[in-house]
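Novice: pasting the structure only:
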């Protein structure tokens, strides 16, 4: 039995987890900062990093207590060290470095995006369910929207990415436009379930074979549908309407229209890559989706339908492991531990733009 203690502080969640043998979650503690950032309608990096400093040690203590182990009893320490907000990452990386130095435990740095694709492998109870490779992977979160060919837990090749907004960022901005509340993604999802997609909004396909994503046009179309087209007078831009003038029905219908357009764009690209690869020499055996947006009710339903239509097993993380968490960090680190792939105490915190298009880490 191998126990890994994972730490995750890439954005605004302070998280720690103990995972057994890479799959069985013994503890999963997440301290959210939603109340701190709500009035800003988004994450303020300085506030996030200060909150991590206050919460990291209590969260670690709760994770080990819940798992019924001490830090001396875990086999390795893992930390999400890339990508993310640099101030937030530094808190988690520094904590992991301090623990590794003081306990002489191996230290393993984990790519946050890669860990999101591993989250579907996590279990709360032991069973025999496993992911078969190769698979098609989709990461959908506030900072990332990317497609991958995944040939193992630590091996993936990027096929497409967003050229502007990530889908989670577009959801957050759409929630602001509709005055739907914070956090934007779940609030807009809930609002959309009460509406009808009666407003036509664009789906950006970027060409017949393109596997990249674009959501800026959808966001702008929603803004104009809510507030009208901007007018410039005297050097200032004004809008003829405001979200305050919407009825509850109109607000819900616009949310539903946005959600269907966003999910359509994701499903269309997934279907496109399935058709490109299904006749290959090594066709995909399944579809893996990870990231905060895979908690979205419509996306989960449409993904299952897509898998059924193409006879692919769809792997979706349980809802607690869709959002940022440390269980996915600790679980993925198990596979590095098995291959003695460790980092030294100079492990850097790396903010953004560092993930290679191909990652083969076995």
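Specialist: It's in. In this text, all values refer to a predicted model and were calculated from it rather than measured experimentally. Residues are numbered from 1 along each chain as shown.

Novice: quick one: buried residues of the helix or strand residue 54 falls within?
Specialist: According to DSSP states H and E, residue 54 maps onto helix 45-67. Within helix 45-67, the residues scored as buried using 16 or more other C-beta atoms under 10 Å are 48-53, 55-56, 59-60, 63-64, 67. The way it works is simple: take the backbone N, C-alpha and C, and place the C-beta from them, glycine included.

Novice: stretch 249-257 too?
Specialist: The neighbour-count check on stretch 249-257 (16+ other C-beta under 10 Å) flags 250, 251, 252, 253, 254, 255, 256, 257 as buried.

Novice: and the residue lying closest to residue 2 once chain neighbours are set aside, what is it in contact with?
Specialist: Excluding its sequence neighbours, the residue lying closest to residue 2 (C-beta to C-beta, 6 or more residues apart in numbering) is residue 75, at 5.0 Å. Residues near residue 75 by C-beta atoms under 8 Å, 6 or more residues apart in numbering: 2, 3, 4, 105, 106, 337.

Novice: if we use 7 Å, what do you get?
Specialist: By C-beta atoms under 7 Å, 6 or more residues apart in numbering, residue 75 lies in contact with 2, 3, 4, 337.

Novice: measure it to residue 345 for me?
Specialist: 18 Å (C-beta to C-beta, to the nearest Å).

Novice: again, but for residue 325
Specialist: 25 Å.

Novice: neighbour count winner among those two?
Specialist: residue 325 (27 against 10; other C-beta atoms under 10 Å).

Novice: which strand or helix spans the more buried one?
Specialist: Counting by DSSP H and E, residue 325 is part of no helix or strand.

Novice: for the residue nearest to it when sequence neighbours are not counted, grab the count of nearby residues.
Specialist: Closest residue to residue 325 apart from its sequence neighbours, by C-beta to C-beta, 6+ apart: residue 15 at 5.1 Å. Neighbours of residue 15 under the rule other C-beta under 10 Å: 30.

Novice: and what of residue 35?
Specialist: With other C-beta under 10 Å as criterion, residue 35 counts 8.

Novice: what residues of the helix or strand where it lies count as buried?
Specialist: Element membership for residue 35, per DSSP H and E: helix 34-37. Residues residue 37 are the ones in helix 34-37 that count as buried (16+ other C-beta under 10 Å).

Novice: what mean pLDDT does stretch 195-211 have?
Specialist: In this model, stretch 195-211 has a mean pLDDT of 93.

Novice: ok, now stretch 270-290?
Specialist: On average, stretch 270-290 scores 94.

Novice: list the buried residues for that stretch?
Specialist: 270, 272, 273, 274, 284, 286, 287, 288, 289, 290.

Novice: so how far is residue 64 from the closest residue to residue 181 other than its chain neighbours?
Specialist: Nearest non-adjacent residue to residue 181, counting by C-beta to C-beta, 6+ apart: residue 187, 4.2 Å away. In this structure, residue 187 and residue 64 are 33 Å apart, going by C-beta to C-beta.
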